[in-house]
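Participant: quick one, what's the 3D model for this:
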Amino acid sequence: MADNTKQSFFKNSLITLTRQFVSILIGMLLVIVLARFLEPDARGQYALITFLPLMLLTFLNFGINVSTIFYISKNQVNLQTAVVTNIILACFLGVFSVAVGSAIIHIFSEKYAYLNPLYLHCALLALPFMFLMTFLQTVFQGLQEFKAFNSILLIQQLSTLILVFSLTALLHLDLFGAVLAFTIGYVVTVLFIGYMLYRRYHVTIRISDFSFSYVKKLFTYGIKAHISNAFTFLNYRLDVFLLGYFATPLAVGIYDVAVNIGERLSVFSQSISSVLFPKISSLQKDEERNKITSVVSRNLLLFIVLLSLVLYLLSDFVIVLLFGKNYAESSKILKILLPGLALLAVEKVLSNDLAGRGRPEINMYVAIFNVVFSVLLNLYMIPKYGAVGAAISSTLTYSASFFIKVICYQRYTRQRYRSFLIVHMDDFEMYRRFLKKIVSKL
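Facilitator: All right, here's what the predicted structure looks like:
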């Protein structure tokens, strides 16, 4: 039974990881297109404009996406009920978020006068569709239908890439074209999700299927994960907001390109974590949970460290080659960010394990500490050192977060540190069998 569980987990992880390689390629192409057809100043404005709807989505989703995975994976809710309830909640929260966003634009209009209000409101129009995508794609994740789940992510990225290229490179709409592509990309994705739900599960929208009792469950479990995710988002993105506040759009553009490149490392942990959370939620024995997470965590750490080293050595050449000389300074920022981003990638695995065990509050407490620590560092570093200061603050925060999460995970699971941080001899045998299997199929 344990072997079947392990094989199933790694099979789903491999499927997800394979699709994530495509995701890395599309994501990098999007970053390159934005950098090639927008000057660093406009690139910085794009980062700040799209930051607003992403922040509102994170702060106002109330953990419904995480709760959906949890209850569907445990077969505690009917699929029709889950989908209809999530759609209605997404529409309500989406409209509410647009109103909140409009108020924020008005309040900060003087400090961020260099941002066009029309572009900001255009980005806000994506919010109802962002909520729909977030609440519905997790239905597939809860069902452990990872082919569909990953297809949704790829459609969103691919449609945005095509639209950005068409509107900026071909139609020369520049920054407005990029923002418009951001919004339409989510619309296309929601239409695709609707098609998938109807085709696979014959789901129809009937108001009578809306469940208040299910809503209560969603909020009860989700609020813990929500607080954690909201603070985690601040930990990841507050530096961009503060950099825009204390520095210039140019500094934001240089910094954001480095962050986008470095965050490709997290694709590997996201691939595994998206499979790990519903799997851990569905398992009953701690022994099985510990075994899966330990193998994943220690091998991912080794892989990410090696990959970060390669990226560090090649960053000067790669950034100028792909993004142009205007973004050469991004290489220095990337080198500072890499150690923290590498540790952050592994921390995500431990966080999803704890959430899957029904303990999202541990992640919440760590996330609150991270935000306070990050804000204090950024308020000191950014005014003095600009983008370099933001990068140093991020790496110190991510590193502190990793070590705190490692201690919390060890104390909760009672595993030895080396069991989930240091590769074992058995792992190398696993590599050998894996390579042998691949070679035999060539």
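Participant: state the mean pLDDT of stretch 201-212.
Facilitator: For stretch 201-212, mean pLDDT rounds to 86.
Participant: figure out the length between the terminal residues of that stretch.
Facilitator: 22 Å (CA to CA, to the nearest Å).
Participant: name the helices or strands packed onto the longest helix anywhere in the chain?
Facilitator: Counting residues, the longest helix in the chain under DSSP state H turns out to be helix 360-413. Applying 3 or more CB pairs under 8 Å, 6 or more residues apart in numbering; DSSP states H and E, one finds that helix 360-413 contacts helix 212-246, helix 249-262, helix 286-323, helix 330-356, helix 417-421. C-beta coordinates here come from the backbone N, C-alpha and C atoms, glycine included.
Participant: pull the CA atoms of the second one into CSV?
Facilitator: The reference is to helix 249-262. This file holds the C-alpha atoms of helix 249-262, laid out as CSV (Å, rounded to 0.1, in the frame of the first residue of the first chain):
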residue,chain,number,x,y,z
PRO,A,249,9.9,52.7,-11.7
LEU,A,250,13.4,52.1,-13.3
ALA,A,251,14.6,50.4,-10.1
VAL,A,252,11.5,48.4,-9.9
GLY,A,253,11.9,47.2,-13.5
ILE,A,254,15.5,46.1,-12.9
TYR,A,255,14.6,44.4,-9.7
ASP,A,256,11.5,42.7,-11.0
VAL,A,257,13.3,41.1,-13.9
ALA,A,258,15.8,39.5,-11.5
VAL,A,259,13.0,38.3,-9.2
ASN,A,260,11.2,36.7,-12.2
ILE,A,261,14.3,34.8,-13.3
GLY,A,262,15.1,33.7,-9.8
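Participant: show me what that helix is packed against.
Facilitator: Using 3+ CB pairs under 8 Å, 6+ apart: helix 249-262 touches helix 2-37, helix 40-60, helix 212-246, helix 286-323, helix 330-356, helix 360-413.
Participant: next, the angle helix 330-356 makes with the longest helix of the chain.
Facilitator: With axes from the mean of the first three to the mean of the last three CA atoms, to 10 degrees applied, the angle from helix 360-413 to helix 330-356 works out at 80 degrees.
Participant: got the angle for helix 360-413 vs helix 212-246?
Facilitator: Using the same axes, to 10 degrees: helix 360-413 against helix 212-246 is 90 degrees.
Participant: list the contacts for residue 96?
Facilitator: residue 60 (CB atoms under 8 Å, 6 or more residues apart in numbering).
Participant: follow-up on the earlier one: out of the helices and strands packed on helix 360-413, which is closest to residue 23?
Facilitator: Nearest to residue 23 among these is helix 249-262; the distance by CB to CB comes to 13.0 Å.
Participant: which SS class is residue 113?
Facilitator: coil (DSSP: H, G, I helix; E, B strand; the rest coil).
Participant: how many residues are close by it?
Facilitator: Residue 113: 9 surrounding residues under other CB atoms under 10 Å.
Participant: need the per-residue pLDDT for it.
Facilitator: 89.
Participant: start at 47 instead
Facilitator: Okay, residue one is now 47; in that scheme the one you just asked about reads as residue 159.
Participant: in the protein, where is pLDDT below threshold?
Facilitator: Applying pLDDT under 70 to the chain flags the ranges 47-66, 313-330, 484, 487-488.
Participant: what's near enough to touch residue 176?
Facilitator: 99-100, 103, 140, 232.
Participant: let's go with 10 Å and repeat that
Facilitator: 99-100, 102-104, 107, 136, 139-140, 143, 170, 202, 228-229, 231-233, 235-236 (CB atoms under 10 Å, 6 or more residues apart in numbering).
Participant: distance of it relative to residue 229?
Facilitator: 9 Å (CB to CB, to the nearest Å).
Participant: find the residues that touch each one of the two.
Facilitator: 99, 170.
Participant: okay, now the residue nearest to residue 298 when sequence neighbours are not counted: neighbour count?
Facilitator: Distances taken as CB to CB, 6 or more residues apart in numbering place residue 90 nearest to residue 298, at 3.3 Å, with adjacent residues excluded. Residue 90: 28 surrounding residues under other CB under 10 Å.
Participant: any idea how far residue 208 is from residue 96?
Facilitator: 17 Å.
Participant: cool, residue 173 as well?
Facilitator: 11 Å.
Participant: now residue 256, what are its backbone angles?
Facilitator: Reported as degrees, to the nearest 10, the phi and psi values for residue 256 are phi -70, psi 130.
Participant: same check, this time on residue 154
Facilitator: Here the main-chain torsion angles of residue 154 (degrees, to the nearest 10) amount to phi -100, psi 20.
Participant: now do the contacts for it.
Facilitator: So residue 154 contacts 98, 161, 166, 287, 291 (CB under 10 Å, 6+ apart).
Participant: in CSV, list these along with distance to residue 438 and neighbour count.
Facilitator: Below are the contacts of residue 154 laid out as CSV (distance: CB to CB, whole Å; neighbours: other CB atoms under 10 Å):
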residue, distance to residue 438, neighbour count
98, 26, 23
161, 26, 21
166, 30, 23
287, 17, 19
291, 18, 15
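Participant: with adjacent residues omitted, what lies nearest to residue 97?
Facilitator: Among residues not flanking residue 97 along the chain, residue 286 sits closest, at 5.8 Å (CB to CB, 6+ apart).
Participant: from memory that neighbour sits against residue 439, does it?
Facilitator: No: between residue 286 and residue 439 there is no contact, the gap being 11.8 Å when judged by CB atoms under 10 Å.
Participant: of the two, which one has the most company?
Facilitator: Set side by side, residue 286 and residue 439 show more neighbours around residue 439, with 26 against 20, by other CB under 10 Å.
Participant: got the contact list for residue 285?
Facilitator: Neighbours of residue 285 in contact, by CB under 10 Å, 6+ apart: 298, 301-302, 305, 420-421, 423-424, 427-428, 433, 435-437, 439-440, 443.
Participant: grab the nearest non-local neighbour of it.
Facilitator: residue 436 (4.3 Å).
Participant: just residue 137 next, same as before
Facilitator: Distances taken as CB to CB, 6+ apart place residue 174 nearest to residue 137, at 6.1 Å, with adjacent residues excluded.
Participant: residue contacts, the one you found?
Facilitator: 136-144, 232-233, 236.
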